[in-house]
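Participant: Sequence first, predicted model second:
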Amino acid sequence: MSHTAAVTDTDTFTGALLGSGSALESRVLEVLGDIESALRLERIGPDRFRAGSEADRFGSIFGGQLLAQAHLAAAATVEGQTLNSLHAYFTRPGALDEPVEIVVSRTRDGRALSTRHVELVQSRGTVLTAVASFHDNPDAPEQPAAPPQAPAPLELPLLQHWASRAPAEAQDMAQTWIEVPPPLEMRIGEAPNFLGGQPARGPRAHWMRLPRSVGDDPALHHAMITYASDYLLVDMAFREYPEPIDWTQNIGVSLDHAIWLHRPARFDQWHLYTQESVTMRGHRALVRGSIVDAAGALVASVAQEVMIRPHPAPSR
């Protein structure tokens, strides 16, 4: 997918997205089609699958895509149980111009709990390794929920609003988030650090949802939440860095990712994702998050360790 026209009218990014007929809406819907295609796994053997990738946004495969593919591949080998947790390690960058082969090992099959080991592999080696747990969970008892204490989604600007207002040194990266946006409607009350946001302490939350229905398959809705759970976690570590830092001179990468799925969800409806930086020492930071639905029910819990370090010195 290729887009070349720059969008500069910030009003485009502060009003309604769905049904607006805007260029941004068309792009978000197009990218959603890309990730849907990447999540249609081709079975190539017993517990083996092949998959493609969504459009290039970061120069390598987005980690959320790999997580969602691991999620769905493992789920395809389990009957009568749903994913309750996925623990993954990003082992090397994934190449966008090469399919991903997914290999699932049946570690354990139990009456109530099952475990799978998943490897996502390209010619350069393993790009993600994960362990997935499945559980046949009853509907009750259930802890009562309270509506989230946050501004309503449509009271907040779209992520692309902040991209359109990014400082000059961030314009190249910012335009990518407009021309190749995430396949989500994301609304946030402050600019992320990489789009010119200021250092800050404490939690930060953003609303997110799919821009249209993707059907009724519960596993796909959970997989799309898993995909979306990888956005903005590294940025949280930059936001709370304990000393002044120039993000243009440093690199942030995700080392691992854990997600616990607590209840069914419809991700074509609004969910609030609250993130916070837990601790940092040296080059490593731990960031955690919680995803609740509009009624306040906890849908997922997330944790990720990230690494922030200076860009390598150029070779001479």
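Facilitator: Arrived safely, thanks for sending.

Participant: Please, where are all the strands along the stretch 201-316 of the chain?
Facilitator: With strands called from DSSP state E, counting those that start in this stretch, the stretch 201-316 of the chain shows them at 204-209, 250-254, 256-261, 271-281, 284-293, 298-310.

Participant: I'd like those as a markdown table, with mean pLDDT, distance to residue 83 and mean neighbour count appended.
Facilitator: No exception for glycine: its C-beta is placed from N, CA and C like everyone else's. Listed next are those as a markdown table, based on pLDDT from 0 to 100; distance: least, CB to CB, whole Å; neighbours: other CB atoms under 10 Å:
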| stretch | mean pLDDT | distance to residue 83 | mean neighbour count |
| --- | --- | --- | --- |
| strand 204-209 | 98 | 19 | 22 |
| strand 250-254 | 88 | 20 | 16 |
| strand 256-261 | 98 | 6 | 22 |
| strand 271-281 | 96 | 17 | 18 |
| strand 284-293 | 97 | 14 | 21 |
| strand 298-310 | 95 | 10 | 18 |
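
Participant: Now render the ones you listed as JSON lines, adding distance to residue 111.
Facilitator: Formatted as JSON lines, those follow (distance: least, CB to CB, whole Å):
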{"stretch": "strand 204-209", "distance to residue 111": "35"}
{"stretch": "strand 250-254", "distance to residue 111": "35"}
{"stretch": "strand 256-261", "distance to residue 111": "20"}
{"stretch": "strand 271-281", "distance to residue 111": "32"}
{"stretch": "strand 284-293", "distance to residue 111": "29"}
{"stretch": "strand 298-310", "distance to residue 111": "25"}
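
Participant: Of all these, which one comes closest to residue 154?
Facilitator: Evaluated with CB to CB, the strands of the stretch 201-316 of the chain place strand 204-209 nearest to residue 154, the distance being 8.8 Å.

Participant: Distance from the chain centre to the closest one, please.
Facilitator: 12 Å (CA atoms, centre = their mean, to the nearest Å).

Participant: Now do the domain split for this structure, please.
Facilitator: Listed by automatic domain parsing, the domain ranges of the chain are 39-136, 146-311.

Participant: For residue 73, give its distance to residue 223.
Facilitator: 10 Å (CB to CB, to the nearest Å).

Participant: Run through the stretch 151-300 of the chain and note the low-pLDDT ranges.
Facilitator: Low-confidence segments of the stretch 151-300 of the chain (pLDDT under 70): 247.

Participant: Contact partners for residue 190?
Facilitator: 162, 197, 200, 204 (CB atoms under 8 Å, 6 or more residues apart in numbering).

Participant: Could you work out which of the strands of the stretch 201-316 of the chain reaches nearest to residue 189?
Facilitator: Nearest of the strands of the stretch 201-316 of the chain to residue 189, taken as CB to CB: strand 204-209 at 7.8 Å.

Participant: So what angle separates the directions of that closest one and strand 271-281?
Facilitator: Angular relation of strand 204-209 and strand 271-281 on a 0 to 180 degree scale: 140 degrees, by axes from the mean of the first three to the mean of the last three CA atoms, to 10 degrees.

Participant: Show me the longest helix that occurs in the protein.
Facilitator: Identified as the longest helix of the chain according to DSSP state H is helix 23-38.

Participant: quick one: that one to chain centroid distance?
Facilitator: Centre-to-centre, helix 23-38 and its host chain are 15 Å apart (CA atoms, centre = their mean).

Participant: which helices and strands does it pack with?
Facilitator: Packed against helix 23-38, as judged by 3 or more CB pairs under 8 Å, 6 or more residues apart in numbering; DSSP states H and E, are the following elements: helix 63-75, helix 171-179.

Participant: Just name the most buried of these.
Facilitator: helix 63-75 (a mean of 26; mean count of other CB atoms under 10 Å).
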